[in-house]
Every structure is written in C-alpha cells, then in structure tokens.
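# coords please:
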Amino acid sequence: MFRRRPDTRDETETLRVRLAEAEEMLRAIQHGEIDALVVEGDGGNQVYTLHSAEEPYRDLVEQMQEGAVVLTGRGDILYANARFAALVGVALESVVGSRFNRFVSASDRDDLETLLAAGSGRGRCGLLGPDSGPLEVSLSLTTIRSAHGERRNLIVTDMTELLEAHSNCDRAARDSRTKDEFLALLAHELRNPLGAITAAGQVLKMTHADGAAATRAHDVIARQVGHITQLIDDLLDIERVVSGKIRLNRHPLDLADIVCRAVATFADDVRLARHIDVSTEPAWVDGDAVRIEQVLTNLVTNAVKYTPPGGRIRVAMRTDGADVVLSVEDAGFGISPALLPFIFDMYVQADQTIDRARGGLGIGLALVRRLVELHGGTVAASSDGEGRGSTFSVRLRKIPSPEMSSGVSVPRERRVTPRRVLLIEDSGEAREMLRIVLELAGHVVYDTPDGVRGIELLNIVHPHVGIIDVSLPSMDGYQVAKRIREKPQGRGMLLVALTGGSSPGDSKHSLEHGFDYHLVKPVDPEYLTRLISEGVKGSANETFA
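This is a model prediction of the structure:
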C-alpha cells in the first residue's frame, strides 16, 4: 500500500505562524493591550483577568467613600476595602477571613442572613464600630455566579449624615408646626379678653355713663383694644403671607375713596397732635379693599410713630402713566442710609433704642411690602437721612373706571327689629358683656356656657339667631351648629360663629357646618347688632373682625 509522507515543510510553516501569534500575544500583554484571556476547554470557556486589567478597578474600589466587601455564600469575608475597615474600626488584615455578622448588631443578624440567602437586595443594619453605639448603615447586595462558585458583593453606606439631615428636616417641620400652634393659641387667648373689653366699652357708650372718668375709660379701652387687635392681626397676617396662605378678594376699587376712608380714622383722633394732609385724584385699581386699606393704615401709622407732635404728614395719590402712585410723606426722624436698604425686612425698626419707646413688632413694613407685591405692585422708601423725614411710595397698576358705581352705599337709618338670640359662649365675662350689648340694642338674649344646654334652650325659646363660640367644652361650636340645623326650628335660624383663632380655611369650615357668618373676636358690636336686626343670611366665606 502506498502512503504519503507528511509534508515537513507544511508543519514547519504552521509552527512558525503559531509562534508568531504567541510572540504577538506576549507583546500585547507586556504593553497592557489585553485585559483578559479566554481559554477553550472541555468544561467550556474560562476567562482569566490579567492583573494589569484589575488594577484600575481595584484602585476605584479602594478610593470609594462606601465600604466594599466580597463574601462567600455563607458570609465569610474574602475581601474588604479600607473604608469598610475604618467603619468597623478594625485593622484590614483582621477583617478579611472573618464572618460578616461579627460586625453586625445582634438584633439585625437574622435580617442579614435573610438578605444573604436571597442573594441580592437592599437592607439596613447597625454596624458595630469602635464607638459606643452601632452605626446605622445601608446594605446593597449582588451575587456573581461562575464555574468556580458564587461570590457576593456588598456595598456598605454610612447613613449618619442622611439620618441627621432627615432629623433636622423633621425638627424644622415640627418647629414650624409648633410656631403655628403657638400663634393660633396666642391669638385665641388674647382675643377672648379683647372681646369682653370691646363689649364692656360698648356698654359704657350705650348706657351713657356720666362723668369724665367714664368717658376716659371708654376711650382707653377702645384705643388699647384697637392697638392689641392690630398687633395680633399683623402677626398672623405676616405668617400667612410668608407661607403663601393669604388669598386676595380682588375687585375694581376707587382708590381715592379708600385713601380718604383710611386717613379719616387718623384725622378724627385729636390725640395724634399731627397734621395730616390728603390729596387724591380719581383712579381705579384691581385689588382687595381690606388689604389695600391695611397697607395705607400701616404706612400712616408708621409716619405718626416717627413724626414728633406738631409735625406734618402728607398722604397723596396721583396717576403716573399706566400706574397709580400712593405716597405717605412725613417730616419725622428719617431713616439712616445704613438702614434704608433693609427697612422692609422682617423685625427691622428705625428706632433701635433699648427701650423701644415707639413700640411695634417691626413687621408692619414687611407686611406692607408683601401685600403690595401680592397685588402685583411695588413699594419703595426714601429719606435724606436721620432727622430729615421719609417718604414711602406704593405703585399699583391702574385700570379703567368701571361703568357701575363702586358699590359704596350711603348710610341710612335702620330700625332695629327685636330678635330672640341664643348666645353660647364659655367665657363668662365675654358672654355677659355681649348679652348686655345685644339687650341694649333691643334684642332678647338667652345665654349659656355650653352646647348641651344651648340645644335644650333651642327647643324652649325657638330663637331667630344663634351666636355660638367655636371653642366650646365637651361639644364644640361646629357640632352644636350641625345639631341645630338637624332640627326643624333650626333650619331657618341665622347662625353666627365666633372664634378666637383666625386660621386660613376656618370660614369655609364654618360654612360646611351650617354657619352663615364667621366672626373673629373681638367682634364689632355695631356690626353684630345690625346683622341680627336685618336677619339676612350671608356667606361664611367672609370673615369679619
């Protein structure tokens, strides 16, 4: 049989090619051009990572701000970076080879075992470190499976800063709620005695108490009530404005009419001993009449405060192109150049003497600026320096004069219609004074300090009007109003809610529980008696002070 001998030249060439390939691979490895080798075998392909390829990843892990740990399936530590060793406060050589649960709080070890058994997921645990208490950490686990077995990779993140930030956020929210509750409580506690004082002053007036002392007492009561009421309103208003809780009730307004009406309250007070000049011209704006009058009142009050007796204050309103400019100018103490840029900031006052003789909370001008900005306007202050007076200017957008009148009606005489009134108020003095005021106005009043007795009186006296304090013991005013509306004789009653608080949404809450009006203490007695006499059901969306 003929056999062909192998061609030695072909074998030599094949070996030469393979040698060249091997030399090229060695060169590429030496120059860092290859990261890994794939070796084919009976058991499948095997991947071998070269040390030069692992080095940048190892450096990355070592520089991490989180702990990095490689575990076996049963939780033994095969590798840990320096950050993890620092977290547990143990030398790195003592960490490797240990069980991971050695560094975990006893109460968290069962959860750790559950996470390791799952092979992937997230969790939290207390990590035992060098300090007294466990360190709260977050765990993130993944698993890599290969022919050589399973390897679990664990990232350990210190949560101290995150928990501290959450704690600070919670503390700030809690402080904010506490502040809101304090303001509401302060307002309620002050408004209750103010209601009694206001009613007492009205009693003095209506009974025509004789003598200069009685007249003086009435004036003092009225002035101090007005002062305290203004402080409370400013304090609550500035908080609402800052938190965005104020909603404007905007309508076309005759600004000249508002200016004259607001300044008249100052001009009629002979105790001011200041001369107030007013000049206006016809102009209309889109705004909230109550808030714009509040702006003007605060500016004039500020001018009076810083103008010596005998000084002159000028209030002027003029049009300037598409705008209306309202200015309050005084010849008082002026504003220093250093203070002028901050005059509208919260709690800033021109008078910084230790006795704070001119009083106030330092929020009036801050409130002015916020209210003007809510109307889309601007306010500015100017002064030539201390002792040279100051000028505050408000600029609002002008609107065309509406075809209809401003809606300001001419006061007319009203004949009092006697009503049967059910008065439910737990404050004894406030209830007594309000009862006297209503009786002097010609009404028949049945009063009681609690809602249960009030419901009983409803079935006996069949009142036309119910005046109910919201903050009653055992059964609050909302529950009383609801019970009254459920009864046939209560469906046509005029129900008036009284409250010492003044939180946003209170009036809507009153409306939902059957009230027709929502009045904030201290109540204007004249308005209340007129409301009762007319017997007209209104809207609890409006809150009257």
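# Which positions within the helix or strand hosting residue 372 qualify as buried?
Per DSSP states H and E, residue 372 falls inside helix 364-374. By 16 or more other Cβ atoms under 10 Å, the buried positions in helix 364-374 come out as 364, 365, 366, 367, 368, 369, 370, 371, 372, 374. For the C-beta atoms, the positions are set from N, CA and C on the backbone; glycine is no exception.
# any chance of the residues you listed in CSV, with pLDDT and distance to residue 473 too?
CSV is the format used below for those (pLDDT from 0 to 100; distance: Cβ to Cβ, whole Å):
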residue, pLDDT, distance to residue 473
364, 75, 36
365, 85, 41
366, 82, 38
367, 83, 35
368, 89, 40
369, 90, 41
370, 87, 37
371, 89, 37
372, 92, 42
374, 89, 38
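# Among these, give me the pair with the biggest separation.
Based on Cβ to Cβ, the longest span within these runs between 364 and 374 and measures 15.9 Å.
# mind checking the end-to-end distance for stretch 278-295?
When the termini of stretch 278-295 are compared using Cα to Cα, to the nearest Å, they are 16 Å apart.
# And it, what's buried?
Neighbour-count burial for stretch 278-295, counted by 16+ other Cβ under 10 Å, picks out 278, 280, 283-285, 287-289, 291-295.
# Name the nearest of those relative to residue 422.
Taking Cβ to Cβ as the measure, residue 289 is the one of the buried residues of stretch 278-295 closest to residue 422, at 32.5 Å.
# That closest one against residue 251, yeah?
Yes - judged on Cβ atoms under 8 Å, residue 289 makes contact with residue 251 at a distance of 7.1 Å.
# Can you work out which residues contact both of these two?
When Cβ atoms under 8 Å, 6 or more residues apart in numbering defines a contact, no residue borders residue 289 and residue 251 alike.
# returning to that earlier point: sitting in helices, which of the buried residues of stretch 278-295 do you find?
289, 291, 292, 293, 294, 295 (DSSP state H).
# how about those in TSV, adding distance to residue 509 and pLDDT?
Formatted as TSV, these follow (distance: Cβ to Cβ, whole Å; pLDDT from 0 to 100):
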residue	distance to residue 509	pLDDT
289	24	86
291	22	86
292	27	91
293	26	88
294	24	85
295	28	91
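# helix/strand/coil for residue 332?
Three-state assignment for residue 332 (DSSP: H, G, I helix; E, B strand; the rest coil): coil.
# one step back: and the buried residues of stretch 278-295 as JSON lines, adding distance to residue 168?
Below are the buried residues of stretch 278-295 laid out as JSON lines (distance: Cβ to Cβ, whole Å):
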{"residue": "278", "distance to residue 168": "51"}
{"residue": "280", "distance to residue 168": "52"}
{"residue": "283", "distance to residue 168": "49"}
{"residue": "284", "distance to residue 168": "49"}
{"residue": "285", "distance to residue 168": "43"}
{"residue": "287", "distance to residue 168": "40"}
{"residue": "288", "distance to residue 168": "37"}
{"residue": "289", "distance to residue 168": "42"}
{"residue": "291", "distance to residue 168": "35"}
{"residue": "292", "distance to residue 168": "40"}
{"residue": "293", "distance to residue 168": "41"}
{"residue": "294", "distance to residue 168": "36"}
{"residue": "295", "distance to residue 168": "36"}
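# So which other helices or strands are in contact with the helix holding residue 372?
Contacting helix 364-374 under the criterion 3 or more Cβ pairs under 8 Å, 6 or more residues apart in numbering; DSSP states H and E are the following elements: helix 212-242, helix 289-305, strand 378-382, strand 390-399.
# run the last query once more with 10 Å
helix 212-242, strand 284-287, helix 289-305, strand 378-382, strand 390-399 (3 or more Cβ pairs under 10 Å, 6 or more residues apart in numbering; DSSP states H and E).
# Quick one: residues in contact with the fourth one.
Outside strand 378-382, the residues that touch it by Cβ atoms under 10 Å, 6 or more residues apart in numbering are 295, 299, 302, 323, 326-327, 329, 335, 339-341, 343-344, 350, 365, 368-373, 389-396.
# filter the residues you listed to the buried ones?
295, 299, 302, 323, 326-327, 329, 335, 339-340, 343-344, 350, 365, 368-372, 389-396.
# Report the mean confidence score over the longest strand along the chain.
Taking DSSP state E as the criterion, the chain has its longest strand at strand 135-146. Summarised as a single mean, pLDDT over strand 135-146 is 87.
# And stretch 375-387, by the same measure?
The model assigns stretch 375-387 a mean pLDDT of 90.
# Report the backbone C-alpha coordinates of it in PDB.
Provided in PDB are the C-alpha atoms of stretch 375-387 (Å, rounded to 0.1, in the frame of the first residue of the first chain):
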ATOM      1  CA  HIS A 375     -51.300  92.900  44.200                       C
ATOM      2  CA  GLY A 376     -48.500  93.000  41.500                       C
ATOM      3  CA  GLY A 377     -47.200  96.400  42.700                       C
ATOM      4  CA  THR A 378     -44.100  97.800  44.300                       C
ATOM      5  CA  VAL A 379     -43.300  99.800  47.400                       C
ATOM      6  CA  ALA A 380     -40.200 101.900  47.900                       C
ATOM      7  CA  ALA A 381     -38.800 104.100  50.800                       C
ATOM      8  CA  SER A 382     -36.600 107.200  50.500                       C
ATOM      9  CA  SER A 383     -35.100 109.500  53.000                       C
ATOM     10  CA  ASP A 384     -32.400 112.200  53.100                       C
ATOM     11  CA  GLY A 385     -31.100 110.900  56.300                       C
ATOM     12  CA  GLU A 386     -31.800 111.000  60.000                       C
ATOM     13  CA  GLY A 387     -33.900 113.900  61.100                       C
END
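# Could you tell me how far it lies from the centre of the chain?
What separates the centre of stretch 375-387 from the centre of its chain is 28 Å, taken as Cα atoms, centre = their mean, to the nearest Å.
# Just the buried positions in it, please.
For stretch 375-387, burial by neighbour count (16+ other Cβ under 10 Å) applies to 375, 377, 379, 381, 383.
# Report the two of these separated the most.
Spatially, the most separated pair among the buried residues of stretch 375-387 is 375 and 383, at 24.1 Å (Cβ to Cβ).
# element containing residue 153, please.
With DSSP H and E as criterion, residue 153 is part of strand 149-158.
# which helices and strands sit right next to that strand?
Against strand 149-158 (3+ Cβ pairs under 10 Å, 6+ apart) you get strand 67-71, strand 77-80, helix 82-88, helix 109-118, strand 121-127, strand 135-146.
# quick one: the longest one to chain centroid distance?
The chain centroid and the centroid of strand 135-146 are separated by 40 Å under Cα atoms, centre = their mean.
# So what's the residue count around the residue lying closest to residue 151 once chain neighbours are set aside?
Spatial nearest neighbour of residue 151, excluding adjacent residues (Cβ to Cβ, 6 or more residues apart in numbering): residue 144 at 4.9 Å. Residue 144: 11 surrounding residues under other Cβ atoms under 10 Å.
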